[in-house]
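Visitor: the sequence and its predicted three-dimensional model are supplied below.
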Amino acid sequence: MARKKHKITQLEPLEDNSKPKKQYKDSFQRDFGKKVEGFMNKLEGSGKTILYGLGAVLILGIIVLIIYRWNASSNAAAQAALGKAIEISQSRVTTTPVQAGSPEKTFATEKERAEAAVAAFQDVSSKFGGNVGEKASYFAAVNKISLDREAAITELQTLSANSDAVGKLSKFALGQAYDGDGKFDEAAKVYSELAAMDNSVVAKDTVNFQLASIYEKQDKTKEAADLYYKIAKDASEAKDADGKPVPMSTTATDAKAKLEKLDPERAKEIQEPAPALPPGM
């Protein structure tokens, strides 16, 4: 029986209370950062989910955090090494040869790319340790899921024991792995723990949405409906700094759609904000 693919979503920015620090950027980081920034701009504030798969698919969802939120804590060599490992994990899978002279690295299969990514991240972890090493260990575990699922889950369990950003990301990935294996009790426990944490690097609505989906699979209809209702209701009443309604995120809209199936009458209580009128109207 084929395992289901799961989703992972955009991450909330971390608060940065530290003083600005001078950051190193070589040509690789600068060019690579532009690509990441473009992706970040598409996702920022949307709450939109992206497919949680193996390797680069998951990397896309969290690369914004890694490069932009943790950059200041990494030294130049570690940043460059981590960036190059991430680039490997995002390489194209194709059997078409690249043009002569092109520096692009491609792989013939997903398995080959995952193996190369795991090796690269493990090398970074062993060479640098510290914060960069933890990030690399997380990426290595995620990319290893398609190669050795049991070992990858064990590594995520170890990393998720920490309360830092890597620990929270690992806990979210662990919940998805449990879900994919049909271990719904374990998944619910992990998501509940993550939802109770302060300053989670994964959006609270995202965690609660995943938890609600687990409740549905456990036939806990009321618990699932309660969570979907809270996500959608809070979003429908959200206001910006000027007191104007904020458009509901995709996660909140999806939550309302789920609620309409589980509890249609309760869903009617949620009124989506009217679209903002163009200036001058």
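Guide: Received it, and whenever you're ready, just let me know what you need.
Visitor: what's the single longest helix in the protein?
Guide: The residue-count maximum for a helix in the chain (DSSP state H) belongs to helix 110-128.
Visitor: what packs against it?
Guide: If contacts are counted by 3 or more CB pairs under 8 Å, 6 or more residues apart in numbering; DSSP states H and E, helix 110-128 sits against helix 76-89, helix 130-144. (Each C-beta comes from the backbone N, C-alpha and C, glycine too.)
Visitor: just the buried residues of the longest one, please?
Guide: This points to helix 130-144. Across helix 130-144, burial judged by 16 or more other CB atoms under 10 Å covers 131-144.
Visitor: which is the next helix or strand following that helix?
Guide: Next in sequence after helix 130-144, counting helices and strands by DSSP states H and E, comes helix 149-159.
Visitor: tabulate the CA atom coordinates of that following helix in CSV.
Guide: Only the C-alpha atoms of helix 149-159 are listed here, as CSV (Å, rounded to 0.1, in the frame of the first residue of the first chain):
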residue,chain,number,x,y,z
ARG,A,149,12.5,5.5,6.9
GLU,A,150,13.1,3.8,10.3
ALA,A,151,16.5,5.4,10.8
ALA,A,152,15.1,8.8,9.7
ILE,A,153,12.3,8.7,12.2
THR,A,154,14.7,7.7,14.9
GLU,A,155,16.8,10.7,14.1
LEU,A,156,13.8,13.0,14.0
GLN,A,157,12.7,11.7,17.4
THR,A,158,16.1,12.6,18.9
LEU,A,159,16.1,16.1,17.3
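Visitor: what about that helix, distance to the chain center?
Guide: 17 Å (CA atoms, centre = their mean, to the nearest Å).
Visitor: pLDDT weak spots in the stretch 1-150 of the chain?
Guide: 1-74 (pLDDT under 70).
Visitor: my guess is residue 149 meets residue 176, correct?
Guide: No: the criterion here is CB atoms under 8 Å, and residue 149 misses it with residue 176 at 12.0 Å.
Visitor: so for these two, which residue has more residues nearby?
Guide: Comparing residue 149 with residue 176 by neighbour count (other CB atoms under 10 Å), the higher total belongs to residue 176, at 23 against 14.
Visitor: tell me the angle the helix or strand containing the more buried one makes with helix 149-159.
Guide: Using DSSP H and E, residue 176 maps to helix 165-180. Here helix 165-180 points in a direction 140 degrees away from that of helix 149-159 (axes from the mean of the first three to the mean of the last three CA atoms, to 10 degrees).
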